[in-house]
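# Give me a 3D structure for the following:
(chains A, B, C and D)
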Protein chains: 2
Amino acid sequence: MITLPHGAADSRRKGVFRLSISADTLRGHTDTIILTQLMRGDNYGYEINKTIQQRTGGKYGFKEATLYTAFKRLEAAGLITSYWGEDGPGARRRYYSITDDGRETWEKNCREWQDTRALLDALISFEEE
Amino acid sequence: MITLPHGAADSRRKGVFRLSISADTLRGHTDTIILTQLMRGDNYGYEINKTIQQRTGGKYGFKEATLYTAFKRLEAAGLITSYWGEDGPGARRRYYSITDDGRETWEKNCREWQDTRALLDALISFEEE
DNA sequence: GGATATACCTTATCTGTCAAGGTATATCCT
DNA sequence: AGGATATACCTTGACAGATAAGGTATATCC
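You can find the predicted model right below:
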């Protein structure tokens, strides 16, 4: 789900010998990350992904298949809508727009992230009683 | 992956209309959570799960199928070993023990969790430039 | 005209989760 | 003695999300 520069794809193939858990660690946050970008205004897939890459110092970015799967999922759920951009220079662009339902879901997911973060902090760190 | 008291299972069936994202949010941390418990010493499945439930105020716990799938995965990866406990009162117990590789993986996963947490904080919150 | 960057999309496959079943033992209550 | 309950482990089948590997099309640069 998330681009890792070196050998990450191979690490998934063997299953039990994962060299990185980043992919599964971020699983489940794809939709919220995309919704966050759309909270800033309408945007198209390629640009959204580039922004995410920039914001993480070029370390992370969605695989295209993941990105477009997520767009379809979000649109089917009524959380975003889409439209073709006006013909301009370069390839055509499909723009996405967050709906009111999307904004509600985004807020709910943000609150959930706070809870989940606290929960994992408690479960993953090793401390004596 | 994680027990939610009311209707969480149903929320997964529809796919796009998830009532809760907790399950997918925690996906990928199962192994690390189990390894954390085993860092405290050898333990068996049922007890590990009860401890997790207690530590989260009874709100979360692994589904049994998830738990035993994870044990198998971890053992196949050489991160844990297992042995049958001595016959005592109650049902037989299979104890799990973390290996040196498991300890290394646990430490790596903990560091990754720190990184991932910071990354998601940056990607999920909505802030102006 | 070829390389490169942009921009979108589909299909098949893999993995983790988990609902729904199962088995077996020990204790408590009547 | 018999039933309920708690403990404890396990398997199978189905599903959703991620993504490798393919594809199409347009515009710019050399």
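# Only C-alpha atoms from now on, for both contacts and neighbour counts.
Noted.
# Just the pLDDT at the most centrally placed residue in chain A, thanks.
Residue closest to the mean C-alpha point of chain A, counted by Cα atoms, centre = their mean, is A:Thr30 at 2.8 Å. A:Thr30 carries a pLDDT value of 93.
# need the contact list for it.
A:Ala70 (Cα atoms under 8 Å, 6 or more residues apart in numbering or on different chains).
# Contact residues of chain A facing chain B?
Applying Cα under 8 Å from any Cα of the partner chain, we find that chain A lies next to chain B at A:16-17, A:21-22, A:24-29, A:32-33, A:36-37, A:39-40, A:52, A:55-56, A:73-74, A:76-77, A:109-110, A:112-113, A:116-117, A:119, A:122-126.
# Buried ones among those residues?
Neighbour-count burial (16 or more other Cα atoms under 10 Å in any protein chain shown) is assigned, among the residues of chain A next to chain B, to A:16-17, A:21-22, A:24-29, A:32-33, A:36-37, A:39, A:52, A:56, A:73-74, A:77, A:109-110, A:112-113, A:116-117, A:123-126.
# ok, back up a step: restrict the residues of chain A next to chain B to those near DNA strand D?
A:24, A:26-29, A:73 (Cα under 7 Å from any atom of the strand).
# buried residues in the helix or strand that contains A:Glu75?
If you go by DSSP states H and E, A:Glu75 is part of helix A:64-76. Residues A:67, A:71, A:73-75 are the ones in helix A:64-76 that count as buried (16+ other Cα under 10 Å).
# and it, what does it pack onto?
helix A:30-39, strand A:80-84 (3 or more Cα pairs under 8 Å, 6 or more residues apart in numbering or on different chains; DSSP states H and E).
# next one: the last one to chain centre, how far?
When distances are taken as Cα atoms, centre = their mean, to the nearest Å, strand A:80-84 is centred 18 Å away from the chain's centroid.
# Give me the mean pLDDT for that strand.
Taken as a whole, strand A:80-84 has a mean pLDDT of 96.
# Buried residues in it, which are they?
A:80-82.
# Okay, now the sheet partners of the helix or strand following it, with direction.
On the C-terminal side of strand A:80-84, the nearest following helix or strand under DSSP H and E is strand A:94-98. Partner strands and pairing direction for strand A:94-98 (DSSP bridges) are strand A:43-44 (antiparallel), strand A:80-84 (antiparallel).
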